[in-house]
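Visitor: Take a look and give me a structure for this.
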Amino acid sequence: MKKTLQEKLAILSDAAKYDASCASSGTTRRDSKAGGLGSSGGSGICHAYTPDGRCISLLKILMTNFCIYDCVYCINRVSSHVERARFSPEEVITLTLEFYRRNYIEGLFLSSGIIRSPDDTMSDMIRIARSLRVEHGFKGYIHLKSIPEASHDLLKQAGLFADRLSINVELPTDSSMKRLAPQKQPDGIRAAMAGFRQNRDASRERSVTGKRPPRFAPAGQSTQMIVGADGANDRDILGTANQLYEGFKLKRVYYSAFSPIPESSAVLPLIKPPLIREHRLYQADWLLRFYGFGLDEITSAAPSGNLDLEIDPKLAWALANRALFPVDVSRAARHMLMRVPGFGARTVQRILAARRSGPVRYADLLRIGARVKQAEPFILLPDWSPGSLIDSASLKARYAPPPEQLSLF
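Guide: Numbers count the residues shown, from 1 in each chain. Below is the predicted model:
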């Protein structure tokens, strides 16, 4: 029986929940004052978030959940018995425009299973993006989850119409890919990501006449990595992410906690991480990129190479390096202030500015907006000293979440 558009939307929007790469910051500023439909601000679009932190302000759908691949960890693999549906390109275009006109969304996030071939699937996705941009003058945000096995020419075309492209590395290690997704080639994925970087770099260079080439995915590229479907520890995962950031100038690596699929339980009797592990990886990723921490510093607290699930990675590092504390807030260098639990980058900037007027006191930190209660054991102020608190054996318990009474029902 033929499915209605509403039935397809219910199936394919739910299937898209496993795609985590939906941030829209970094694109170019466009608006429809001179014609067209929609707008996209240079600093990104306005988002709404679900309680677990996922973006819902984009129309986030799969073009289809049919797929010719049989990746063990994927709910939409060819051997799965999920209910299938498929949008035509025209249906996706209509949905995007109508949802936008009703102020439900501010852009489109489009992914897809592989139908017929990677090139055929990518061609349909490009057709959707091209039609929105060229035929309908749509100037909102478009994010395409690209098919790395598609031809280089198709991936290049995709970047001319999309604000951001994603090319998923899928799993942290090549050996896991070979075992769990044998139809996908890690070398091919990396080659597609390298081609994207080259195209983006080329789009920034002016010709000898001073003319700029067409813009290419101005919001950059991102990738998604499934965590928990294999035995990789957090050190392996963050190490792979570091290599991706350095090698391909990624805007973001998204960590997606593996949700066990009943049909694959016999094949994947592996680690099943809670969402808290995903959250800790994001926190560690942030410390590595913006706070000057090294990979070994973040992951050396436990011999297993995994992050502490009870406390955040910065606090775990501080507790493992108590000899470096307390830090004199009025004298310490910026890089050391950045390592104090409770001090974020903005807080440190305000502290450095406040120090020009004299010593920073407890009340100044409160006024600045620092999380002083968290920072107390690790800082020294003219009117505050932690005393023996930094050496207390129960210091971790001060920060660990309180025990909860589990329900029997």
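
Visitor: Not including adjacent chain positions, what is the nearest residue to the residue positioned nearest the centre of the chain?
Guide: Closest to where the C-alpha atoms of the chain average out (Cα atoms, centre = their mean) is Y254, at 3.0 Å. Distances taken as Cβ to Cβ, 6 or more residues apart in numbering place A20 nearest to Y254, at 4.1 Å, with adjacent residues excluded. Every residue, glycine included, has its C-beta placed from N, CA and C.

Visitor: How is the one you found classified with respect to secondary structure?
Guide: coil (DSSP: H, G, I helix; E, B strand; the rest coil).

Visitor: what's it in contact with, if anything?
Guide: 54, 224, 254-256 (Cβ atoms under 8 Å, 6 or more residues apart in numbering).

Visitor: about what we covered before: could you point out the helix or strand that follows the helix or strand hosting the residue nearest to the centre of the chain?
Guide: When elements are assigned from DSSP states H and E, Y254 belongs to strand 252-257. Using DSSP H and E, the helix or strand that directly follows strand 252-257 along the chain is helix 275-290.

Visitor: Mind picking the lowest-pLDDT entry from the contacts of A20?
Guide: Lowest pLDDT among the contacts of A20: R54, with 49.

Visitor: Could I get the full set of helices for the stretch 301-409 of the chain?
Guide: 313-320, 334-337, 345-354, 362-368, 372-375, 395-399 (DSSP state H, counting those that start in this stretch).

Visitor: Pick the most buried one from those helices.
Guide: Most buried of those by mean neighbour count (mean count of other Cβ atoms under 10 Å) is helix 313-320; its value is a mean of 22.

Visitor: list the contacts for the closest residue to Y399 other than its chain neighbours?
Guide: The spatially closest residue to Y399, leaving aside those adjacent along the chain, is I311, at 5.3 Å (Cβ to Cβ, 6+ apart). Shown in contact with I311 (Cβ under 8 Å, 6+ apart): 319, 396, 399-400.

Visitor: cool, and P118?
Guide: 147-150.

Visitor: where's it relative to C67, distance?
Guide: 11 Å (Cβ to Cβ, to the nearest Å).

Visitor: Please apply the same query to G239.
Guide: Distance from G239 to C67, by Cβ to Cβ: 29 Å.

Visitor: What of R200?
Guide: 28 Å.

Visitor: Q6 too?
Guide: Going from Q6 to C67 by Cβ to Cβ gives 23 Å.

Visitor: ok now do Y245, which residues does it touch?
Guide: Y245 neighbours (Cβ under 8 Å, 6+ apart): 253, 289.

Visitor: in which helix or strand would I find I61?
Guide: I61 belongs to strand 59-62, assigned by DSSP H and E.

Visitor: so what does that strand touch, helix or strand wise?
Guide: helix 5-15, helix 89-101, strand 107-111 (3 or more Cβ pairs under 8 Å, 6 or more residues apart in numbering; DSSP states H and E).

Visitor: The second one: which residues count as buried?
Guide: Applying a neighbour-count criterion of 16 or more other Cβ atoms under 10 Å, one finds 89, 91-93, 95-97, 99-100 buried in helix 89-101.

Visitor: Could you do stretch 138-155 as well?
Guide: Applying 16+ other Cβ under 10 Å to stretch 138-155 flags 138-150, 154-155 as buried.

Visitor: just these now: which is nearest L171?
Guide: P148 (13.4 Å; Cβ to Cβ).

Visitor: Y18 is in contact with A257, isn't it?
Guide: No: using Cβ atoms under 8 Å, Y18 is not in contact with A257, being 10.1 Å away.

Visitor: Around the closest residue to T347 other than its chain neighbours, how many other residues sit close by?
Guide: When the adjacent residues along the chain are set aside, T347 lies closest to A370, with 4.6 Å between them (Cβ to Cβ, 6+ apart). Using other Cβ atoms under 10 Å, A370 has 24 other residues around it.

Visitor: Specify which residues of this structure, grouped into ranges, have pLDDT under the cut-off.
Guide: 21-56, 207-210, 259-274, 402-409 (pLDDT under 70).

Visitor: Tell me which residues touch L5, please.
Guide: Applying Cβ under 8 Å, 6+ apart, the residues contacting L5 are 91, 95.

Visitor: circling back to that earlier point, give me the buried subset of the contacts of A20.
Guide: Buried, going by 16+ other Cβ under 10 Å: 224, 254-256, out of those.

Visitor: Would you point out the most distant pair within those residues?
Guide: So for the buried ones among the contacts of A20, where distance means Cβ to Cβ, the most widely separated pair is Q224 and Y255, at 7.9 Å.

Visitor: Tell me how many other residues surround R102.
Guide: Residues near R102, counting by other Cβ under 10 Å: 8.

Visitor: Was I right to think A162 contacts G140?
Guide: No: with contact defined as Cβ under 8 Å, A162 and G140 do not form a contacting pair (11.5 Å).

Visitor: circling back: give me the helices and strands touching the strand holding Y254, please.
Guide: Packed next to strand 252-257, using 3+ Cβ pairs under 8 Å, 6+ apart, are strand 221-227, helix 234-248, helix 275-290.

Visitor: between Q6 and C67, which one's more packed in?
Guide: C67 (21 against 7).

Visitor: ok, the more buried one - contacts?
Guide: Going by Cβ under 8 Å, 6+ apart, C67 touches 74, 76-78, 113-115.
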